[in-house]
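A.B. asks: turn this into a structure:
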Amino acid sequence: MDSKVIVITGAGGVLCGNFAKELAKDGHRVALLDINIDAAEKLAAEIRENGGEAIAIKTNVLEKESLENAHNEVLNTFGKCQVLINGAGGNNPRGTTTNEYFNPEDIDKEDVVSFFDLQPDGVSFVFDLNFLGVLLPTQVFAKDFVMGEKGCILNISSMNAYTPLTKIPAYSGAKAAVSNLTQWLAVHFANSGVRVNAIAPGFFVTNQNRGLLFNDDGTPTARTNKILNATPMGRFGEADELMGTVRFLLDDSVSSFITGVVIPIDGGFSAYSGV
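C.D. replies: As a prediction, the model looks like this:
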């Protein structure tokens, strides 16, 4: 794939941070957008120390003005964006239940969040971060390549989009919306030279979910055991194992007729019925 200007939102996270490092190694110029500017700047510095080209820009993907400012900085530094990776997303405790299954006794417990205790503002935040966090950056950056120039958009969906996981209804619903939006955008831009696809990672250990997967002493939680038992390959994925699919989907020379797909990268999780 020829050298391109690649914009990555949520670049301060583990998975998208790895995307940035690997794509920079491939010779691309990467713009790292994240509200956590310290993490983004640290990553950009690491990329530059290793001979790559990278800039870090503090960006709130839920604020159009912040995105427009980031867009201008990318234009002034690298030129027009050719690839957009929408990696911003996440969950919030206010959209999460304490237990997997409802127990009527939970309604009266102050330390238990049941379905009936989910906070509308928490659910809205999760939907906004994951859905608007794709829609708004696409509105801002896709303008660089919809006017007769080829471009590529890669969204980050999840296993939750296929079958919702317990305890996280807001995140599951939001990622299903990301998959649906990916398909909609692929059709909408099909005659504009723009391809839109997504990956749906299975279970990878990140800063966001580490506390759910491992106890303080490093032993696996009960949830980890359930995950690994439902993953035929019997392990968590490694960040590098996403890169083959990412490179494939971004490269017009090998995937020019692929748009509107959501590819699971999950060790067989989505294929396993449990028996």
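A.B. asks: contacts, neighbours, all on C-alpha from now
C.D. replies: Fine.
A.B. asks: next, give phi and psi for Glu53.
C.D. replies: As for Glu53, its main-chain torsions (degrees, to the nearest 10) stand at phi -110, psi 120.
A.B. asks: for the nearest residue to it once chain neighbours are set aside, give me phi and psi.
C.D. replies: Spatial nearest neighbour of Glu53, chain neighbours left out: Arg29 (5.0 Å); criterion: C-alpha to C-alpha, 6 or more residues apart in numbering. The phi/psi pair for Arg29 (degrees, to the nearest 10) reads phi -90, psi 120.
A.B. asks: next one: the one 4 residues further on
C.D. replies: When read as degrees, to the nearest 10, the backbone of Leu33 gives phi -110, psi 130.
A.B. asks: could I get the CA-only coordinates of stretch 52-65 as CSV?
C.D. replies: In CSV, the C-alpha atoms belonging to stretch 52-65 read as follows (Å, rounded to 0.1, in the frame of the first residue of the first chain):
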residue,chain,number,x,y,z
GLY,A,52,8.0,7.3,11.7
GLU,A,53,5.9,10.4,11.1
ALA,A,54,3.2,11.1,13.7
ILE,A,55,1.4,14.0,15.3
ALA,A,56,-0.8,13.9,18.4
ILE,A,57,-3.9,16.2,18.6
LYS,A,58,-6.2,16.5,21.6
THR,A,59,-9.6,15.8,20.2
ASN,A,60,-13.1,15.2,21.6
VAL,A,61,-14.9,13.1,19.0
LEU,A,62,-18.2,14.3,20.4
GLU,A,63,-17.5,17.9,19.6
LYS,A,64,-17.6,19.0,15.9
GLU,A,65,-15.5,22.1,16.6
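A.B. asks: that one - what's its average pLDDT?
C.D. replies: Stretch 52-65 carries an average pLDDT of 98.
A.B. asks: ok now it, how far from the chain's centre?
C.D. replies: 15 Å (C-alpha atoms, centre = their mean, to the nearest Å).
A.B. asks: any buried residues in that stretch, and which?
C.D. replies: Gly52, Glu53, Ala54, Ile55, Ala56, Ile57, Lys58, Thr59, Asn60, Val61, Leu62 (16 or more other C-alpha atoms under 10 Å).
A.B. asks: from what I can see Leu15 touches Ala239, true?
C.D. replies: Yes: under the criterion of C-alpha atoms under 8 Å, Leu15 is in contact with Ala239, at a separation of 5.8 Å.
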